[in-house]
Each structure stands twice: as structure tokens, then as C-alpha cells.
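[1] need the 3D shape of this:
(one chain, ligands or ions: 2)
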Amino acid sequence: MRKELVLGIESSCDDTAASVVDRAGNVLSSVVATQTKVHSAFGGVYPEFASRAHISTIVGTVEKALADAGAVPRDLTAIGVTRGPGLIGSLVVGLNTAAGLGLGWGVPVIGINHLRGHLRSADLEERRVKFPAVVLLVSGGHTFLAYMEDFGSIELLGTTRDDSVGEAYDKVGRMLGLGYPAGAAVDRMAKTGNPRIRFPRPMISEGFEFSFSGLKSAVARHVEHSENPVSEDVAASFVEAAMDILLTKCARALKERSPRSLVVVGGVSASPQLRARAKELCDRADVELCLPPLRWSTDNAAMIALATWDYLDAGQAPRPLPQTELPITEY
Ligand code: KG4
Ligand code: ZN
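    Numbers count the residues shown, from 1 in each chain. Ligands and ions are numbered 1, 2, ... in the order given. Alright, predicted model coming up:
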């Protein structure tokens, strides 16, 4: 019997990912080809190398995702592929692969916004999100707070005016010689340090907008001008400042909007410090905390597949397009 499955493909940055997810959000397979080795020498993602690495791994990644799920192309209701935001060359590899497979297999292809994927990551394997919800999205490329009545409506409360918090983590990590990406390493180092350095907390006292470049520069100045900077204390003080900013804004949003849940998603939601501070806040505010399981915090294709189901369930199944057009419905 034909199964009803979605194949998700994600290639917006430095990981090539494919995953098969059913309508209930169960993840039947998730395969990621990471490019950490390709980029680590550069201290950041080298876009042209990222595109080339995607080209060499994407077909094998998709094949393995189908095989691991015990699925064949005719089991697919749709292919969901990240259409942006992201590195353009990397996105093109995923989009063209999805388009080609869709044409060849006769399966519709749906373009999915990467951030919508992150928003859906908290419901993978188990429905956790309770609406209305305040959402904090913290990734390498974005930082924002939003209010959602349901998954169809997003009201942006505030976003960052400069760097994202993930970017600040990665830059501080680079200053401390922790490689790339540095988020998890900065958190680990922070746990062994004393948060004695009082770094600034820009824009903390009002509103929902964020700014992290002043904090990042203050850390850089401290490292440059101290005779013997203690890396552990720098990491601990940076993490504490970043958490104070994020959690103060969340607390303000919970107070103003009285939601049922606080949803924290994106790569930085893997931070144990952020998870602990968010839990404290939610316990105090009597609001449910919804977090993706750790493996779905950072980029993955399962979240893209689950977001694809939203469009299919909403009856927005893409129309079959003439062969001459790219068979991708954009949302
Ligand atoms: O969502 P994501 O995987 O990719 C983007 O969409 O950008 O987020 C990547 C970001 C990186 O900046 C990385 O350093 C950060 O998430 N990150 C963390 C942790 N794990 C990943 N930041 C803090 N603590 C972590 N444990
Ligand atoms: Zn992401």
C-alpha cells in the first residue's frame, strides 16, 4: 500500500540534510552530511565551497533518507525544500535537486521558508506547542520574538537590528579560539568560568528589539585590552549577558501577551543555559515551555518536512504545473 510521506530537503547553509516525515510529525529518517571539515579552517562558512559540497552529497543524502525510512518515491505526497533565507548557491542546489526529483517522480514540490521550518521543529515527534504562543527564534542568521495565534498567523514583536545571537556566539567563540561553529563550545566553557565581567546588555530596558553587536564589540575590547584575559570568565560573562537580554525580552512578551506557551527554537535553543533560564521564567510565569528535542534545534530537514505538511493539510496542495515551468509552489 502507498504510504503518505513527505521528503524534506534542507541545504540553506553548511549542512546537506534530507528527512522523511509522516503527517503526524513522526520522523522516519533524518540524514545530515555536515561540512564542518570544509569550513573550519576559515572560521566561518565559505559559500562557494558550501555549494560544491552540497552538489557532491545531496543525491546520496536523499537516497539514504528514503532507504532509512523504508520508503520509495511513490510513497511521497510531496517534497518540501528550503527556498530561503540562506546562501544562494547552497539553496539553488537543494531547489534544483527537489525540482528534478519532483519532475522525474511526478511528485509535487513545495518551497518552504527556513524560519517556518524552525518554528515547526518544536512539534516534531510529539505535538508540544500550545496556542496562543510567544516564540523566540534564535539561530545563526536570525533572532526574533513573535506572537502566534496558530501556525497560520505570525505577528512579529521584535527582531535584531544588527547581529543575531548565534552570530555573536560564533564571533566570541572565534575570539576565544574555539573554532566554528562555536555556540556549544562557548556554552561548555562558560560553565567553568565566573561571570564577573559586566558586559553591556544593549536595548534590554524596553521593547522587543534586539542588538548584539555592542555586546560582541565589548567582548572584543575586553579580550584585546586585558593583560591576561581569562577565557572561561569571558565566556561565562558573555553568556550571562546574552541570556539576560533574551530572557528579559521573553518575560516582557509573556507579561504583555499572556500566551499559553513560550516556544524557543533555532540553533541557539540547544544551549543548556538558555533552556534552563527559559524553564525558570516559564515556571515563574506559569506558562508552558515548548522546546524542540536537542537534535531538532539546529538545522535539519525534518522540520522542513513537517512545515510542508502544514501546507498540504491546509488544502494548499500545489497544482500540477506544465513541464516547462519549475514545479515549485512558493509560499
Ligand atoms: O539554526 P541553526 O542551526 O542555523 C541557522 O539557521 O543559522 O543555528 C546555528 C547557530 C550557530 O550560530 C551556532 O553557534 C548556534 O546556533 N548554536 C548554539 C549551540 N548550538 C548551536 N549556540 C549556543 N549554544 C549551543 N549549544
Ligand atoms: Zn536554521
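[2] for the stretch 151-300 of the chain, just list every one of the helices.
    Ranges of helices in the stretch 151-300 of the chain, per DSSP state H, counting those that start in this stretch, are 165-175, 183-190, 213-225, 231-257, 272-285.
[3] residue 65: which element?
    Using DSSP states H and E, the element containing residue 65 is helix 47-69.
[4] what's the closest non-adjacent residue to residue 26?
    Leaving aside its sequence neighbours, residue 26 sits nearest to residue 125 (CB to CB, 6 or more residues apart in numbering; 6.3 Å). To be clear about C-beta, it is placed using only N, CA and C from the backbone, and glycine gets the same treatment.
[5] returning to that earlier point: tell me the buried residues in the helix holding residue 65?
    Neighbour counts using 16 or more other CB atoms under 10 Å place 47, 49-55, 57-58, 61-62, 64-66, 69 of helix 47-69 among the buried residues.
[6] just the C-alphas of that helix, formatted as CSV.
    Below are the C-alpha coordinates for helix 47-69, written out as CSV (Å, rounded to 0.1, in the frame of the first residue of the first chain):
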residue,chain,number,x,y,z
PRO,A,47,29.8,30.0,0.4
GLU,A,48,31.3,28.6,-2.8
PHE,A,49,32.8,25.6,-1.0
ALA,A,50,29.4,25.1,0.7
SER,A,51,27.6,24.9,-2.7
ARG,A,52,30.1,22.5,-4.1
ALA,A,53,29.9,20.2,-1.1
HIS,A,54,26.1,20.2,-1.4
ILE,A,55,26.4,19.1,-5.0
SER,A,56,28.6,16.2,-4.1
THR,A,57,26.5,15.0,-1.2
ILE,A,58,22.8,15.8,-1.9
VAL,A,59,21.8,12.8,-4.0
GLY,A,60,23.4,10.3,-1.6
THR,A,61,21.7,12.1,1.3
VAL,A,62,18.3,11.9,-0.3
GLU,A,63,18.8,8.2,-1.3
LYS,A,64,19.8,7.3,2.3
ALA,A,65,16.9,9.2,3.8
LEU,A,66,14.4,7.2,1.6
ALA,A,67,16.2,3.9,2.3
ASP,A,68,16.4,4.5,6.1
ALA,A,69,12.6,5.3,6.1
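[7] out of the buried residues of helix 47-69, which one sits closest to ligand 2?
    Nearest to ligand 2 among those: residue 50, at 13.8 Å, using CB to the ion.
[8] my read: that closest one touches residue 92, true?
    No: under the criterion of CB atoms under 8 Å, residue 50 makes no contact with residue 92, lying 11.2 Å away.
[9] burial check on the nearest residue to residue 144 once chain neighbours are set aside, number of neighbours?
    Using CB to CB, 6+ apart and skipping the chain neighbours, the partner closest in space to residue 144 is residue 159 (4.1 Å). The local packing of residue 159 (other CB atoms under 10 Å) involves 15 other residues.
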